[in-house]
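Visitor: What follows is a predicted protein model with its sequence.
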Amino acid sequence: MLNKLKVPLFNLSDEEKEIFEIAIKFAQEINDVEIDKLGLIPDKLFESLSRGGFFGIGYPKEYGGSYISETAIGLVILAISYKCASTGIVLSVHNSLVGAILNKYLTDYQKSVWLPSLASGKCISCFCLSEPEAGSDVRGIRTKLILDGNDYILEGEKSWVTNGPYAIVGLVFAKYNDEITAVLFDLNSNGVKKHTPEEKLGIKGAQTCSISFDGVRINRDQVVGEFGSGLKLALYGLNHGRLGVACQSLGIGWRAFYEAFNYSLNRKAFGQVILNYQFIQDYLADMRTKLDHATAYTFLVLANPDRSPRECSEAKLYASTVANDCAYKAIQIFGGNGYVKDFVVERLFRDARITTIYEGSSEIQKLNIIRFLQKELV
């Protein structure tokens, strides 16, 4: 179990320790096997997450949220992802990615309108940036806002929208006068169409879909920040979201390590448990060392209010790489058993793969790291 693994988490406050324990205990009740099999998160779990305050961890208490710290958000995502990476990323998108933007850039009036329902979990949110022809190239988006009297008309399509099928509130990025602008609105509005959820390799419960917008009417109060500031807002949110993905990755990696270590203690080959064999010891030592380093760095970045985009990219890059490496090694330790659905490491391997792709691929993270190093050092 996660709380017995001596995960290297330093200088946690009493509140942070408490929320971590609460999340670990809550996660034990999640039916991760059923979620993977059905390809969705059941309504009952959404209700439990809402009652437990988990949809409010990224939102201020004055609006009904349960925000403690950025570290606390990361701890919850790690603990939930240890049991179910699908549920972990649903929480991450809602709290770390969307929540960070709304908390910083909404006006007080807008906060009073939107945040209470988001913090309570009554409304789930999604982040609509990627498009069929614009993934890593954010400036290439084609969704547009067209002035119509005192309002605006939204036209276009977004792809790979995590939480899309579940979401009631959408944060959508569109071009207006050739500059990117963010708008926030109810996805039950006329002209919004959610398409069939994608059939994915992993994190199957975190449903993803395309959403198209045909004549959706937007008023000025639904614009987030200033016109033309959408790119800045998106990058700000992605820095937070990347730390959320790092914590999701850590949850997957720690689960892979635990399962592999426990299996090696019990599985016998050639008359002895396989933990006695040096190559198994080598795998486990490597997994543990990398997990310790990835965890310590990710939470060091989370605890720093002056963190840089480079550090967010480094945490996401390394944690996601380690998660995939641990899942790979876990299957090697399990052998043929690791390749069948009877054992959880098969799912961990599938779930880990996306962490090096979404919210900026590993290749994009490396470009970001170098770009910011040039600013810092040259």
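Guide: In hand now; what should we look at?
Visitor: drop to CA atoms for contacts and neighbour counts, all remaining ones
Guide: Fine.
Visitor: For Gln110, which non-adjacent residue is closest in space?
Guide: Closest residue to Gln110 in three dimensions, ignoring its sequence neighbours and counting by C-alpha to C-alpha, 6 or more residues apart in numbering: Asp221, at 7.2 Å.
Visitor: can you check Asn368 too?
Guide: Arg310 (6.4 Å).
Visitor: For Ile211, see how far away the residue nearest to Gln110 is.
Guide: When distance is defined by C-alpha to C-alpha, to the nearest Å, Asp221 is 22 Å away from Ile211.
Visitor: Looking only at neighbour counts, state which of these two leads.
Guide: Ile211 (23 against 15; other C-alpha atoms under 10 Å).
Visitor: May I ask which helix or strand encompasses the more buried one?
Guide: Assessed by DSSP states H and E, Ile211 sits inside strand 208-218.
Visitor: what residues does the next helix-or-strand element following that strand touch?
Guide: Later in the chain than strand 208-218, the nearest helix or strand by DSSP H and E is strand 223-224. With contact meaning C-alpha atoms under 8 Å, 6 or more residues apart in numbering, strand 223-224 is reached by 102, 105-106, 181-184.
Visitor: Moving C-terminal from strand 223-224, which element do we reach first?
Guide: Past strand 223-224, the next helix or strand by DSSP H and E is helix 230-266.
Visitor: tally of neighbours for the residue nearest to Asn368?
Guide: 20.
Visitor: Count the neighbours of Asn163 for me.
Guide: Other residues close to Asn163 by other C-alpha under 10 Å number 25.
Visitor: Report pLDDT for it.
Guide: Per-residue confidence (pLDDT) for Asn163: 98.
Visitor: Same question for Phe227.
Guide: 97.
Visitor: now swap in Ser136 and tell me
Guide: 79.
Visitor: now do Ala269
Guide: At Ala269, pLDDT is 95.
Visitor: Make 551 the first number, not 1, from now on.
Guide: I'll keep to 551 as the first residue from here, and by that count the last item is Ala819.
Visitor: Can you pull the phi/psi pair for it?
Guide: phi -150, psi 130 (degrees, to the nearest 10).
Visitor: neighbours around the nearest residue to Thr731 once chain neighbours are set aside, how many?
Guide: Nearest non-adjacent residue to Thr731, counting by C-alpha to C-alpha, 6+ apart: Gly780, 4.1 Å away. Neighbour count of Gly780, defined by other C-alpha under 10 Å: 23.
Visitor: I figured Gly780 was touching Ile730, is that so?
Guide: Yes: at 4.7 Å, Gly780 counts as touching Ile730 under the criterion of C-alpha atoms under 8 Å.
Visitor: overlap in contacts of those two?
Guide: 723-724.
Visitor: ok, now which ones touch Val719?
Guide: Applying C-alpha under 8 Å, 6+ apart, the residues contacting Val719 are 673-676, 734-737.
Visitor: quick one: it from Lys743, how far?
Guide: 13 Å.
Visitor: just the contacts of Val719 now: which is nearest Pro592?
Guide: Proximity of the contacts of Val719 to Pro592 (C-alpha to C-alpha) peaks at Ile674, which lies at 13.8 Å.
Visitor: now that closest one: how far from Tyr908?
Guide: Taking C-alpha to C-alpha, one finds Ile674 at 19 Å from Tyr908.
Visitor: out of the two, which sits in the more crowded spot?
Guide: Ile674 (24 against 16).
Visitor: Could you verify my assumption that that one touches Pro715?
Guide: No: look at Ile674 against Pro715 with C-alpha under 8 Å: they stay out of range, at 9.8 Å.
Visitor: quick one, phi psi at Phe723?
Guide: Taking degrees, to the nearest 10 as the convention, Phe723 sits at phi -110, psi 130.
Visitor: how many neighbours does the nearest residue to Tyr617 once chain neighbours are set aside have?
Guide: The shortest distance from Tyr617 to any non-neighbouring residue, by C-alpha to C-alpha, 6+ apart, is to Ile607 (4.5 Å). For Ile607, the neighbour count with other C-alpha under 10 Å is 29.
Visitor: Tell me the confidence at Ile607?
Guide: 98.
Visitor: list the buried ones in stretch 691-698?
Guide: For stretch 691-698, a neighbour-count test (16 or more other C-alpha atoms under 10 Å) marks 691-696 as buried.
Visitor: now stretch 580-595
Guide: 580, 582-583, 585-586, 589-591.
Visitor: Now for those: which two are most distant?
Guide: Across the buried residues of stretch 580-595 (C-alpha to C-alpha), the longest gap, 14.1 Å, separates Ile580 and Gly589.
Visitor: quick one, strands of the chain?
Guide: All strands of the chain, identified by DSSP state E, fall at 675-678, 694-698, 701-712, 719-726, 729-736, 742-744, 758-768, 773-774, 818-819, 822-823.
Visitor: just to revisit the earlier point, want to throw the contacts of strand 773-774 into CSV with pLDDT?
Guide: Formatted as CSV, these follow (pLDDT from 0 to 100):
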residue, pLDDT
Leu652, 98
Tyr655, 98
Leu656, 98
Thr731, 98
Ala732, 98
Val733, 98
Leu734, 98
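Visitor: For ChimeraX, write a command that selects the buried ones of these.
Guide: The ChimeraX selection below is limited to those of the contacts of strand 773-774 classed as buried (16+ other C-alpha under 10 Å):
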select :652,656,731,732,733,734
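Visitor: what sits up against stretch 607-618?
Guide: Contacts for stretch 607-618 (C-alpha under 8 Å, 6+ apart): 565-566, 603-606, 620, 622-623, 644-646, 649-650, 653, 661-662, 665-666, 669-670.
Visitor: circling back to that earlier point, the residue nearest to Gln660 contacts Lys661, correct?
Guide: No: using C-alpha under 8 Å, Asp771 makes no contact with Lys661, being 11.0 Å away.
Visitor: Show me whatever sits in contact with both of the two.
Guide: With C-alpha under 8 Å, 6+ apart, Asp771 and Lys661 have no common neighbours.
Visitor: The residue of the chain most remote from its centre and Gly888, how far apart?
Guide: Largest separation from the mean C-alpha position in the chain: Gly821, at 43.4 Å (C-alpha atoms, centre = their mean). Gly821 sits 21 Å away from Gly888 when distances are taken as C-alpha to C-alpha.
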